[in-house]
Structures are given as structure tokens and as C-alpha cells.
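Engineer: just need the structure, nothing else, for what follows:
(one chain, ligands or ions: 2)
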Amino acid sequence: MTAAPHRGDAYGEMPRVLVIGRFTEDLPAEWSSAKRIWDEARVFFGAHGLDESESHALATTASELVENAIKYGDWARAPHEPISVLLDASPRAATVEVESPAVDNPVLLRQLDDRIQWIRGFQSPFEAYVERLKQLASLGYADGVSGLGLIRIAYEARCLLDFYVTPSRQLAMSAVYQPDGFY
Ligand SMILES: Nc1ncnc2c1ncn2[C@@H]1O[C@H](COP(=O)(O)OP(=O)(O)OP(=O)(O)O)[C@@H](O)[C@H]1O
Ligand SMILES: [Mg+2]
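Structural biologist: Ligands and ions are numbered 1, 2, ... in the order given. Here you go, the predicted model:
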């Protein structure tokens, strides 16, 4: 799936303006939460000015970030914490932010940082996607980890990824989409 083409830049049209809005929700660390946020994000972004393809891509982004929160959150340390999700629409950007208990291990946080920097290091996220597929082909999916989720957020949903750790040791992952593009 590819997102809608840029509008309002190269063709001299007015830039698109999204409808301002915000949706927050605390979800349990269960797989059903990923499906739930997919449905809610699709409706939210569709109602705030994104087209069907963009809303679908951002719903998949929200679902992927919730899945990662379940897989990589430190639920042993904070078993009763929820996954906190923020969906935000401002005039020029749509944001998905997902918070979960941060792992204490700096090596794992470095891995996440490295992956995000690696994706950004390519001229286009499509190249990162192709490169990762090549890596997987040569590894033969040996370790059972595809490592495609964040790359697909960058490539298919055209989002800029980032993360930070809050003072209360929550890891906040964000994906920001600007309909008129970053590049
Ligand atoms: N919320 C998180 N907390 C800590 N590390 C994370 C988090 N999300 C992702 N990571 C790290 O970033 C790596 C890449 O994540 P990504 O979603 O691209 O791949 P994956 O979840 O391993 O596989 P896939 O999404 O393709 O099933 C993960 O393997 C993990 O090391
Ligand atoms: Mg993933």
C-alpha cells in the first residue's frame, strides 16, 4: 500500500489542513489492544482530514507500536501499568504516540535507537525496506525476528519515528506524519 501522493507542494495547490483533535486511551498489555487501536485510529484519522489510505496506514502504525509495547515493554517491572496511546491531529501533522514501561537495559534501548537511526540514514525509507528484505533473505529468518515493523511505519505510512524515556521510566515512541511531506 502506498500513501496518497503529495498535494499542495509541487503543484502549487493550497496545503492540506487537518482538523485539530486528540484522542487518548489506556489499554491493557494484551494482543487484543493492537486490534482495538487499529479500528479506533482509522476512525479518528479519517474524521480529522486524512484520506482512506492515510488513515489505514496510520491505524497500522498505531497497531504496530502497541504490538511493540507488548513485546518489548518491561512488564515484569510494571505489570499493572497500561499502554498509553495518544492520537493527535494538528493542522499540518498527524501523530501516534505509544507509552509503555521502558526496559532498564541500555543495550536494548540502544538497539531501538540504532534501528531508528539506521532507517533515517537511507535517502528514502523504501531503500531501508529493500535492504532489510535482503538481510532477511540472507539470514533465512534464522532468529525468527523480522524487524520490519518500524521500517514499514517509515516507508508505508511515511512517518518520522522517534522515542524518549520519561522521568517515570516510560518509553514513549512516536510516529509523525505530515501530509505535505518532510522531504
Ligand atoms: N517499545 C520498544 N521498547 C524497546 N525496544 C523496542 C520497542 N519497539 C521496538 N524495539 C526494538 O526495535 C527493534 C525493531 O522493531 P520492529 O517493530 O521494527 O521489529 P520487530 O518487532 O522485532 O519485528 P516485526 O515488527 O517485524 O514483527 C525490535 O527488535 C526491538 O529491539
Ligand atoms: Mg514490531
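
Engineer: longest helix in the chain, by residue count?
Structural biologist: The residue-count maximum for a helix in the chain (DSSP state H) belongs to helix 52-72.

Engineer: for the helix or strand that that helix is followed by, which outside residues touch it?
Structural biologist: Counting by DSSP states H and E, the next helix or strand C-terminal to helix 52-72 is strand 83-90. Strand 83-90 is contacted by residues 18-29, 33, 37, 40-41, 44-45, 48-50, 62, 66, 69-70, 73, 94-100, 170 when judged by C-beta atoms under 8 Å, 6 or more residues apart in numbering. (Each C-beta comes from the backbone N, C-alpha and C, glycine too.)

Engineer: need the pLDDT of the residue lying closest to Phe163 once chain neighbours are set aside.
Structural biologist: Here the nearest residue to Phe163 in space, its sequence neighbours aside, is Met173; by C-beta to C-beta, 6 or more residues apart in numbering that works out to 4.6 Å. Met173 is assigned 98 on the pLDDT scale.

Engineer: before we move on, what SS does Met173 have?
Structural biologist: strand (DSSP: H, G, I helix; E, B strand; the rest coil).

Engineer: bridged to it, which residues?
Structural biologist: Beta bridges link Met173 to Val98, Phe163, judged by DSSP bridges.

Engineer: what about Pro79, how many residues nearby?
Structural biologist: 9 (other C-beta atoms under 10 Å).

Engineer: how far away is it from Arg169?
Structural biologist: From Pro79 over to Arg169 the distance is 14 Å, taken as C-beta to C-beta, to the nearest Å.

Engineer: contact residues of the chain facing ligand 1?
Structural biologist: Contact residues, the chain versus ligand 1 (C-beta under 6 Å from any ligand atom): 68-69, 71-72, 100, 103, 108, 111-112, 115, 145-151, 171, 173.

Engineer: could you flag which of the contacts of strand 83-90 are buried?
Structural biologist: Among the contacts of strand 83-90, those scoring as buried are 18, 23, 27, 29, 33, 37, 40-41, 44-45, 48-50, 62, 66, 69-70, 73, 94-100, 170 (criterion: 16 or more other C-beta atoms under 10 Å).
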